[in-house]
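In: The sequence isn't on hand, but the structure is:
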């Protein structure tokens, strides 16, 4: 099975930024801030997870991160912002991972950019095969 690593760099009110590395593929990932694994609000805990493609009613064919403790429906999908909702920031995720080829700013928030294209390229690169995702803890909070 393919092994992919998500190395988190830091977490702030703007989200948790990381680097996603697959054999022959690299991109950025943005998740919500770490909020003690609270459902729909937090990034997922560090760990090793199985991922497989599912059909989402909202996003179509996407990867789902499975067996996340006390959580479900964690998807890898397109979107740009992952701010702390309780602080009034904009978010495009309810606890899922957003991918992008670049990092920048949108609406005065940290963002991943070129997200739809990046998610599509990852899916094509993996040929829709399942994979193992190793998520590391943030270097800085």
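Out: Alright, I've got the coordinates. Model, not experiment: these values are computed from the prediction.

In: contacting residues around the nearest residue to residue 13 once chain neighbours are set aside?
Out: Sequence neighbours aside, residue 84 is the residue nearest to residue 13 in space, at 4.5 Å (criterion: Cβ to Cβ, 6 or more residues apart in numbering). For every residue, glycine as well, the C-beta is placed using N, CA and C. Counting by Cβ atoms under 8 Å, 6 or more residues apart in numbering, residue 84 touches 13-15, 32-33, 35, 41, 91.

In: Kindly report the same for residue 91.
Out: Contacts of residue 91 (Cβ under 8 Å, 6+ apart): 15, 32, 81-85.

In: Repeat the analysis, applying 6 Å as the threshold.
Out: For residue 91, the contacting residues are 81-83, 85, by Cβ atoms under 6 Å, 6 or more residues apart in numbering.

In: Of those residues, which is the most crowded?
Out: Neighbour counts for those peak at residue 82, which has 31 neighbours (criterion: other Cβ atoms under 10 Å).

In: measure it to residue 43 for me?
Out: With distances taken as Cβ to Cβ, to the nearest Å, residue 82 is found 8 Å from residue 43.

In: same check, this time on residue 132
Out: Residue 132 sits 18 Å away from residue 43, going by Cβ to Cβ.

In: Centre-most residue in this structure?
Out: By Cα atoms, centre = their mean, the chain has its centre lying nearest to residue 97, at 1.7 Å.

In: Count the neighbours of the nearest residue to that one once chain neighbours are set aside for me.
Out: Computed as Cβ to Cβ, 6+ apart, the closest residue to residue 97 that is not its neighbour in sequence is residue 76, at 4.7 Å. Residues lying near residue 76 (other Cβ under 10 Å) number 23.

In: in the helix or strand where residue 76 lies, what's buried?
Out: Element membership for residue 76, per DSSP states H and E: strand 74-77. Across strand 74-77, burial judged by 16 or more other Cβ atoms under 10 Å covers 74-77.

In: Same check on stretch 17-28?
Out: Quick answer for stretch 17-28 (16+ other Cβ under 10 Å): 17-18, 20, 22, 27-28.

In: all helices for this protein, in order.
Out: Secondary structure of the chain (DSSP state H): helices at 115-125.

In: in it, which ranges drop under the pLDDT threshold?
Out: 139-141 (pLDDT under 70).
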